[in-house]
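S.K.: structure, please.
(one chain, ligands or ions: 2)
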Amino acid sequence: MSDELKKGLEGVLVAESSLSFIDGDAGKLVYRGYDIEDLAREATFEEVVYLLWNGELPTREELSAFNESMAAERPVDDAVLDTVAALAEADEEPMAALRTLVSYLSAEDPEADADATDLDASTRKGRRITAKIPTVLAAFDRFRRGEDPVAPRDDLGHAANFLYMLTGEEPDAVAEETFDMALTLHADHGLNASTFTAMVIGSTMADVYSAVTGGVGALSGPLHGGANQDVMELLLEIDEAGEDPVEYVKRAREEREDWRVPGMGHRVYSVKDPRAVILEAKSEELGAASGDAKWYDMADAIESFFADQGLVEKGIAPNVDFYSGTVYYQLGIPVDMFTPIFAMSRVGGWLGHTLEYQAENRLIRPRARYTGEKDLDFPSIDER
Ligand SMILES: CC(=O)SCCNC(=O)CCNC(=O)[C@H](O)C(C)(C)COP(=O)(O)OP(=O)(O)OC[C@H]1O[C@@H](n2cnc3c(N)ncnc32)[C@H](O)[C@@H]1OP(=O)(O)O
Ligand SMILES: O=C([O-])CC(=O)C(=O)O
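M.R.: Ligands and ions are numbered 1, 2, ... in the order given. So this is what the prediction gives:
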């Protein structure tokens with residue numbers, strides 16, 4: 001047994017996977033052999049989920065059957081909606097609400113009791129979870145605005161249906177395509193913290209509801225998916241204060257040496273995240289089309305400042321969360337729904353990796369180097 005300590009499991013190989021490949025130095029991301037740029041441009045989110053779960057792109061017939069099966073699973077029972085309403089009433093944070101709701105959804109799953117070794121049943125459960133997450137998220141947002149939920153439609157794609165349920169209106173083609181592309185970009189990313197969390201849970205042969213619930217919890221943190229909300233909140237704060245974004249960031253870094261600019265830096269990429277490259281272009285495009293490039297310009301100015309300081313060269317470059325916020329904001333999505341939207345997409349990766357791992361399962365159980373005392377004499381309670 002090696003006693004080498006790998007804090008944060010940096011660089012440690014713990015599994016084999018054929019789902020996604022990241023070349024952190026080249027800034028390249030591939031799902032099942034296909035470059036993320038091609039998938040973002042050409043594939044729908046459903047196609048990508050099919051690819052992740054099945055290993056191959058679907059034929060026209062396979063995609064149509066998959067789309068239908070996902071759309072059929074979108075509605076939720078009234079009991080679920082009552083729980084959504086109660087969480088909204090309690091002013092729960094959206095990610096906390098989602099964590100509770102994924103767990104609760106198992107109560108209405110007809111195969112909830114299926115054994116985790118039944119991977120086909122787990123795949124069906126995974127499909128139900130993936131299909132229902134947008135329904136409960138949109139309902140949650142509407143309840144807290146005092147509005148009734150909008151029932152899902154089965155004639156819209158995953159991305160368009162979510163925007164429809166959120167606003168009550170069918171999105172235009174630009175919004176649908178942009179949102180669908182963002183979902184594709186977020187669907188998988190190797191053994192990131194939330195996917196690894198899901199896999200650890202799955203490795204005990206617990207069910208996929210537990211794995212996805214754990215994934216939601218891990219994604220919510222500011223060092224992971226929570227950063228997309230933090231980026232937008234930072235930009236809004238700078239804007240409200242009427243400050244120059246570069247001066248603001250400079251000052252904040254001087255005042256607090258350990259301050260992390262949200263959306264910057266990555267464990268695996270030493271260059272700009274390829275997803276950030278795509279999202280940046282989209283953010284610029286949306287800004288130009290709407291005549292309001294403010295948010296893009298602010299984010300771009302901060303990135304340029306990091307580049308001028310030589311920080312981008314050191315790998316403190318935009319990650320996926322840096323420009324996704326400005327894209328969602330320009331689509332009119334509430335800021336605290338940004339991380340839940342990430343979960344709505346990443347559930348594809350959580351399930352793909354968990355089921356891939358469970359197919360050749362070995363319990364994940366690392367060790368800690370013990371730094372505490374040994375051989376202490378036990379004192380009675382009066383002696384302490
Ligand atoms: C979808 C995602 O999860 S993408 C990541 C989303 N998270 C964020 O955007 C939060 C901000 N970023 C970060 O906190 C980090 O970059 C992480 C957590 C993503 C990666 O962390 P690690 O791989 O552990 O990198 P680590 O913390 O060792 O940082 C290396 C160096 O870069 C610096 N650094 C890293 N990120 C940032 C940042 N965002 N702002 C300023 N400095 C940073 C660190 O201070 C450290 O500098 P030092 O060597 O002088 O001490
Ligand atoms: O891979 C990571 O550590 C974080 C990330 O970019 C993601 O989960 O998309």
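S.K.: contacting residues for A40?
M.R.: By CB atoms under 8 Å, 6 or more residues apart in numbering, A40 lies in contact with M181, T184, L185, I278. From N, CA and C alone the C-beta is placed, and that goes for glycine too.
S.K.: the second one and ligand 1, how far apart?
M.R.: If you measure T184 against ligand 1 using CB to the nearest ligand atom, to the nearest Å, the figure is 15 Å.
S.K.: burial of the residue of the stretch 251-384 of the chain found nearest ligand 1, as a residue count?
M.R.: For the stretch 251-384 of the chain and ligand 1, the shortest gap (CB to the nearest ligand atom) falls at G265, measuring 2.2 Å. Each residue near G265 was counted by other CB atoms under 10 Å, and the total is 20.
S.K.: give the contact list for it.
M.R.: With CB under 8 Å, 6+ apart, G265 has these contacts: G315, I316, A317, N319.
S.K.: so which of those reach ligand 1?
M.R.: I316, N319 (CB under 6 Å from any ligand atom).
S.K.: among the contacts of G265, which has the minimum pLDDT value?
M.R.: Minimum pLDDT for the contacts of G265 is recorded at G315 (89).
S.K.: state the distance from T100 to ligand 1.
M.R.: 22 Å.
S.K.: ok, L52 - contacts?
M.R.: L52 neighbours (CB under 8 Å, 6+ apart): L19, S20, Y31, R32, A187, D188, G348, G349, G352.
S.K.: next, give phi and psi for K28.
M.R.: phi -120, psi 140 (degrees, to the nearest 10).
S.K.: tell me who's in contact with the closest residue to it other than its chain neighbours.
M.R.: Distances taken as CB to CB, 6 or more residues apart in numbering place P274 nearest to K28, at 6.2 Å, with adjacent residues excluded. Contacts for P274 (CB under 8 Å, 6+ apart) come out as G27, K28, L29, I36, E37.
S.K.: going along the chain, name the helices of the stretch 151-300 of the chain.
M.R.: Here the stretch 151-300 of the chain has its helices, by DSSP state H, counting those that start in this stretch, at 158-167, 173-186, 193-202, 208-219, 227-240, 245-255, 274-290, 294-308.
S.K.: in the fifth one, what's buried?
M.R.: What it means is helix 227-240. Residues A227, N228, Q229, D230, V231, M232, L234, L235, I238 are the ones in helix 227-240 that count as buried (16 or more other CB atoms under 10 Å).
S.K.: contact partners for the fourth one?
M.R.: What it means is D230. When contacts are counted by CB under 8 Å, 6+ apart, D230 touches P222, P262, G263, D321.
S.K.: restrict the buried residues of helix 227-240 to contacts with ligand 1.
M.R.: Within the buried residues of helix 227-240, those near ligand 1 by CB under 6 Å from any ligand atom are A227.
S.K.: mind putting the contacts of G265 in CSV, secondary structure, neighbour count and distance to E4 included?
M.R.: Putting the contacts of G265 into CSV (DSSP: H, G, I helix; E, B strand; the rest coil; neighbours: other CB atoms under 10 Å; distance: CB to CB, whole Å) gives the following:
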residue, secondary structure, neighbour count, distance to E4
G315, coil, 17, 23
I316, coil, 18, 27
A317, coil, 23, 29
N319, coil, 24, 28
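S.K.: got a markdown table for the contacts of G265, with distance to V48 too?
M.R.: Shown next, in a markdown table, are the contacts of G265 (distance: CB to CB, whole Å):
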| residue | distance to V48 |
| --- | --- |
| G315 | 27 |
| I316 | 29 |
| A317 | 24 |
| N319 | 20 |
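S.K.: what sits closest to P58 if chain neighbours are left out?
M.R.: Looking at P58 with CB to CB, 6+ apart, the closest residue is Y50, at 4.6 Å.
S.K.: let me see the confidence value for that neighbour.
M.R.: 98.
S.K.: distance check, it against L101.
M.R.: 24 Å (CB to CB, to the nearest Å).
S.K.: comparing the two, which residue is more hemmed in?
M.R.: Remark: of Y50 and L101, L101 carries more neighbours, 26 against 22, as counted by other CB under 10 Å.
S.K.: which residues of the protein lie near ligand 1?
M.R.: 8, 192, 223-225, 227, 260-267, 316, 319-321.
S.K.: rerun that using 5 Å as the cut-off
M.R.: 223-224, 227, 260-265, 267, 316, 319, 321 (CB under 5 Å from any ligand atom).
S.K.: from ligand 2, how far off is S304?
M.R.: In terms of CB to the nearest ligand atom, S304 sits 22 Å off from ligand 2.
S.K.: how does this protein divide into domains?
M.R.: 28-222+334-359, 227-330 (automatic domain parsing).
S.K.: what separates the longest one from the chain centre, distance-wise?
M.R.: Computed by CA atoms, centre = their mean, to the nearest Å, the chain-centroid distance of domain 28-222+334-359 equals 9 Å.
S.K.: remind me which helix or strand the nearest residue to A151 once chain neighbours are set aside belongs to.
M.R.: In space, A151 comes closest to P75 once its chain neighbours are excluded; the distance is 6.8 Å by CB to CB, 6+ apart. Taking DSSP states H and E as the definition, one finds P75 inside no helix or strand.
S.K.: what residues are up against P75?
M.R.: T135, A151, P152.
S.K.: neighbours of the last one, how many?
M.R.: Using other CB under 10 Å, P152 has 23 neighbouring residues.
S.K.: tell me who's in contact with the residue lying closest to it once chain neighbours are set aside.
M.R.: Spatially, and ignoring its direct neighbours in sequence, P152 is nearest to R74 (3.6 Å; CB to CB, 6+ apart). Residues in contact with R74 (CB under 8 Å, 6+ apart) are A131, K132, P134, T135, P152, D154, N161.
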